[in-house]
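Novice: Sequence first, predicted coordinates after that:
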Amino acid sequence: MQYRPKNRASASVRTRRTSGTPLILPEEVSATATVPVNTFMVPPVSYKQSAGRWSLFFMVVAGLLLAVLYVVLARPLAHSTANIDPVRRSWLLSWVPIVHHWHMFVPAQVWDKVPWLLPVTEEGRVNLLLVALGAAVLCLLFAWLAGIRIGRVPLELGRGRTAFWIMLVFTAIFALTVFCSPIGLDAFSLDMLSSALYGRMVVMYHVNPYTVAPEVFAADPLQILRASILHTSNPLPVTSFGPVLTDINILVALAARGSVDGTLLGFRVLGALAHLCSAVVLWQILAQMQPQRRVSLTLLYAWNPFVLIFGIVQAHPQMILILFVLLAIYFFQRNAPILTWFFVLLAAMIDLSCLLILPLFLRIIVRQTRFLWWFWRFCWWLGLLAVTALSAALAYAPYWQGWGIAGLWSSLRVQFWQDTAVNSLDAALLHLPIHFPQEVMWLLQPDHWMIVTLVAVAIFLFFALWLADTLELALVCCGGVLLLFVTLQPQYWPWYTLFPLAIAFSSRSRGAAMLAFLLLLGTLLHIYLWQLNLVWPGEGLITIAVPCVLWGWGVFLVTAWRKLFGRAVTRPETRPMPLARPPWFSRPSQWNSRPGRGDL
């Protein structure tokens, strides 16, 4: 006979046994028990889901507004002399008349209320350019805030894949929109015309572009367009193209088959493809580097109006440079150091300013071999030297005859020994209405100012090589040394900031990213003045000095706010270890020290 158990616990066990519920043993409780959730501190899942959906909705709204603004910007981007631009008469661009004549679809009553924005007149075109660019920057910041909210939501609730496809689709729409916009014949488009002409010189005239001056082909259509820019009284950018960029120019000229329109359109296609690939690679890099800021930083780069204008409309070679360096970072994260070094070498053979970041990448690549056996380390170094020698030989060999060491040295002098001051802090100080002493005026001369710049960059690079032992620190130092060189060199042009901007966004340094973005915002005034042909010698005080001052005050205020109102972080007490040697020039290490005898 069975008696009713007096213990309620055993009764509940018997009930579970008879009802078919499995019995949970004591050792299984820790694995199956659920942790109670504090509903006052953690919001419910439904709230997180709705926050992710609303953030995606705001992201789409910002993308639609930017798409409309880029259509509006298509006509104001053309300079007053763009009526002789062959791109504007191209067969491809004639298929999209809405991009060029959208103002005809606006009712006349609207233009009567705002006649100062009518793009038909020169004053209205420049005013509309300023207003549309300012509105595009505001929409970009709105999309950035939406990306920040998406980053705060867990990945499965924030729909990271949906955010990626929204970003990529709108980036393709923006690239196609600005691709169809006409360009102006001014100093901003000189790089694209020069690249196209150098490619045609090899393909059609079979000459070395490093030994034959472009002025020899005065009857070439591209040289006629370049001459219309070079004959102006405004200062012009002086750049040195590497052999890899010349090879790319030759490929574009071969694909165009001698057509001037096709050559220029080919450079725009190349810039658009490079921009799309850079956005995808940056997304992948930030997935490991900064997963919470991946959406916001990618949007801040991919949807940036200045990146689209300088990279696609005017097709500056910085877009290819950015793609190669981002690929180098991507392959380093995937433990492929040889590919990392190869892409950094390609970037240095496009723009010689990448020589400043070569030692930093070499530093973190060599650090990966510190645990290898000596034989495998020797083989690894042999392979690295073979890749370097083979890449340099294949790049420079076709142009070496007649150019040689003297030509390479002249390219280095153009990049690192500038003798003219344009749009920079040096140019602004030279044109200040202040009588400086003779010693100060001697220092402000461009060639002497360049010495100061190189010394400052060398000191920064020395400490960067001393401290940067991880990829994160190396990227922070790369962005810092590039920003220092760009802001201090005697010649400054807005597209110089694109490369440090991409490096800063891929790193963990918020300060470098903020400074690069502020410098890019100073481009708004630069474009406005150049469209009006009002070249002010002291504009570097506004386009460079003001962003640097705002960045300094921003860093100070953010740091003070965190110190005053931030949460205090309690750290466990640690006993100071006795130093075995004086701490002279000692680099802080990330490895934990061996415990002393008293700590055991």
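Specialist: Structure received.
Novice: Beyond the helix or strand of the chain with the lowest mean pLDDT, next helix or strand please.
Specialist: Ranked by mean pLDDT, DSSP states H and E, the weakest helix or strand in the chain is helix 29-32, scoring a mean of 42. Sequence-wise, the next helix or strand downstream of helix 29-32 (DSSP states H and E) is helix 45-74.
Novice: list the helices and strands that following helix packs on?
Specialist: Helices and strands touching helix 45-74, by 3 or more Cβ pairs under 8 Å, 6 or more residues apart in numbering; DSSP states H and E, are helix 97-100, helix 122-152, helix 155-158, helix 160-179, helix 305-308. All C-beta spots, glycine's among them, are computed from the backbone N, C-alpha and C.
Novice: for that helix, the distance to its chain's centre please.
Specialist: Relative to the chain's own centre, helix 45-74 is displaced by 22 Å; criterion: Cα atoms, centre = their mean, to the nearest Å.
Novice: go on, stretch 314-325?
Specialist: In terms of Cα atoms, centre = their mean, the centre of stretch 314-325 is found 9 Å from the chain centre.
Novice: for stretch 141-155, same thing?
Specialist: On the basis of Cα atoms, centre = their mean, stretch 141-155 sits 19 Å off its chain's mean C-alpha point.
Novice: So what's the model's average confidence on it?
Specialist: Mean pLDDT, stretch 141-155: 82.
Novice: hey, C-alpha coordinates of that stretch in PDB?
Specialist: Extracted in PDB, the C-alpha atoms of stretch 141-155 (Å, rounded to 0.1, in the frame of the first residue of the first chain):
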ATOM      1  CA  LEU A 141      24.700  63.800 -39.800                       C
ATOM      2  CA  PHE A 142      21.000  62.700 -39.500                       C
ATOM      3  CA  ALA A 143      22.000  59.300 -41.100                       C
ATOM      4  CA  TRP A 144      25.000  59.200 -38.800                       C
ATOM      5  CA  LEU A 145      22.800  59.500 -35.700                       C
ATOM      6  CA  ALA A 146      20.500  56.800 -37.000                       C
ATOM      7  CA  GLY A 147      23.600  54.600 -37.500                       C
ATOM      8  CA  ILE A 148      24.600  55.300 -33.900                       C
ATOM      9  CA  ARG A 149      21.200  54.100 -32.600                       C
ATOM     10  CA  ILE A 150      21.500  51.000 -34.700                       C
ATOM     11  CA  GLY A 151      24.900  50.300 -33.200                       C
ATOM     12  CA  ARG A 152      23.400  50.400 -29.700                       C
ATOM     13  CA  VAL A 153      20.900  47.700 -30.400                       C
ATOM     14  CA  PRO A 154      22.100  44.000 -30.500                       C
ATOM     15  CA  LEU A 155      23.100  42.800 -33.900                       C
END
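Novice: ok, residue 241 to residue 398 distance?
Specialist: Residue 241 sits 14 Å away from residue 398, going by Cβ to Cβ, to the nearest Å.
Novice: Could you do residue 210 as well?
Specialist: According to Cβ to Cβ, residue 210 stands 10 Å off from residue 398.
Novice: Of these two, which one has the most company?
Specialist: For the pair residue 210 and residue 398, the greater number of neighbours falls to residue 210 (22 against 15), based on other Cβ atoms under 10 Å.
Novice: what's the domain layout of this protein?
Specialist: Using automatic domain parsing, the domain parsing of the chain gives 43-416, 417-563.
Novice: Can you flag the weakest of those domains by average pLDDT?
Specialist: Comparing the domains of the chain by mean pLDDT, the weakest confidence falls on domain 43-416, with a mean of 82.
Novice: So residue 67 sits against residue 174, correct?
Specialist: Yes. Counting by Cβ atoms under 8 Å, residue 67 does reach residue 174; the two are 6.7 Å apart.
Novice: So for those two, which sits in the more crowded spot?
Specialist: The residue with more neighbours, out of residue 67 and residue 174, is residue 174; 25 against 16, by other Cβ under 10 Å.
Novice: so that one makes contact with residue 65?
Specialist: No. Assessed by Cβ under 8 Å, residue 174 is found out of contact with residue 65, at 11.5 Å.
Novice: Could you tell me how far residue 115 is located from residue 163?
Specialist: Using Cβ to Cβ, residue 115 is found at 41 Å from residue 163.
Novice: Between those two, which has more neighbouring residues?
Specialist: residue 163 (24 against 10).
Novice: Relative to residue 171, how far out is the closest residue to that one other than its chain neighbours?
Specialist: Distances taken as Cβ to Cβ, 6 or more residues apart in numbering put residue 295 closest to residue 163, at 5.1 Å, once the chain neighbours are dropped. Separation of residue 295 from residue 171 (Cβ to Cβ) stands at 13 Å.
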